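> structure of the sequence below:
(3 chains)
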Amino acid sequence: MAKSLSFDKNGVKKGAWNEEEDDKLRAYIQRYGHWNWGLLPQFAGLSRSGKSCRLRWMNYLRPDLKHGNFTKEEDDLIVDLHNKLGNKWSTMAAKLPGRSDNEIKNRWNTHLKKRAHEDEMIVLENEHEGSIELDQVEQKENPNLEVLHEGEIFLEGYLESPSCSSGTELSSCWMSTSDYTVSSDVALQTSDYESTGDFWSEPFLPDITSSIDNMLSPSDLIDGYVSHDQSSCQDVTMSDEFSWSTFDSYFQYNNELVDWSF
DNA sequence: AATGCAGCCAACCGCGTCAAA
DNA sequence: CTTTGACGCGGTTGGCTGCAT
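Here you go, the predicted model:
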């Protein structure tokens, strides 16, 4: 299913994620948020690229994702949205709560593209037969009448659509995947949570005590020196390279959500 | 039982955009 | 205005799974 495990020349891990890595990433983001994807792997104790972490979180670990089979309503909506938007997967994801753009893209490519093509052929056949009959009638009744072409009908439907159609609008659609973070509400929910036994419908309850042992909070940077025993995560010192603006934005972003005391 | 093949999907890659310096 | 870095998006790939032969 997933790609086989390998390492690039910088020792960055590639390929399928294991459960331990998932737990680390999930626990870290639920505790600190994703304040900088580039630095996150180092702080979370992961030998992965920031890009890989972001992808894993967005497409698989986010607690609001469904992960189940697509319903007929969802399939219909995807087909409808694809007719209107084309391959704008992230825009479509914003209209489908609990689905990632990657999931929708895969769904389209593996199931719906074929179905949509077949439907289109049926419609074209029907239209062709219908238009021949209609043309014959219209030609008799009104020889000057122009028949609206398929493309014009499609365009009219598109222009009338109230859905998000520009890039700038996307961020305000339903939920921005880029702005997702764990709120205090989630923390409250998880503390009161009673398991139903269904993995995919349950909120994630990280075992913080075991999984944060080798993690670094952004506040660790202030200390200037951090020591821990994980070979996968080198000691971190506050250096000139580190962007204080990034750190400031982290504070701004998460201060109200995070309890800084261990 | 062994092999081949197609379907499926998680993950990677490259490029575009945007904001900050 | 230019450069740089972070992020997000869409296309593509690699390999697992299940079915057919």
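
> report the rounded mean pLDDT for stretch A:101-112.
Taken as a whole, stretch A:101-112 has an average pLDDT of 90.

> quick one: it near DNA strand C?
Yes. Stretch A:101-112 reaches DNA strand C (Cβ under 7 Å from any atom of the strand) through A:101-102, A:105-106, A:109. To be clear about C-beta, it is placed using only N, CA and C from the backbone, and glycine gets the same treatment.

> among these, who's most crowded?
Within those, neighbour counts (other Cβ atoms under 10 Å) peak at residue A:101, which reaches 18 neighbours.

> what's that one in contact with, if anything?
Counting by Cβ atoms under 8 Å, 6 or more residues apart in numbering, residue A:101 touches A:58-59, A:89-90, A:92-93, A:177.

> run a quick neighbour tally on residue A:37.
15.

> so it sits in a strand?
No. Counting by DSSP: H, G, I helix; E, B strand; the rest coil, residue A:37 is not part of a strand but coil.

> need the pLDDT of the residue lying closest to it once chain neighbours are set aside.
Using Cβ to Cβ, 6 or more residues apart in numbering and skipping the chain neighbours, the partner closest in space to residue A:37 is residue A:50 (3.7 Å). Residue A:50 is assigned a pLDDT of 91 by the prediction.

> got it, and the one 10 residues further on?
As predicted, residue A:60 sits at a pLDDT of 91.

> would you mind giving the contacts of residue A:101 as JSON lines with secondary structure added?
Converted to JSON lines, those look like this (three-state DSSP):
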{"residue": "A:58", "secondary structure": "helix"}
{"residue": "A:59", "secondary structure": "helix"}
{"residue": "A:89", "secondary structure": "helix"}
{"residue": "A:90", "secondary structure": "helix"}
{"residue": "A:92", "secondary structure": "helix"}
{"residue": "A:93", "secondary structure": "helix"}
{"residue": "A:177", "secondary structure": "helix"}
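
> least confident secondary structure element in chain A?
Within chain A, no helix or strand scores below helix A:167-170, which has a mean of 31 by mean pLDDT, DSSP states H and E.

> the residues of stretch A:101-112 next to DNA strand C: which ones sit near DNA strand B?
Among the residues of stretch A:101-112 next to DNA strand C, the ones lying near DNA strand B by Cβ under 7 Å from any atom of the strand are A:102, A:105-106, A:109.
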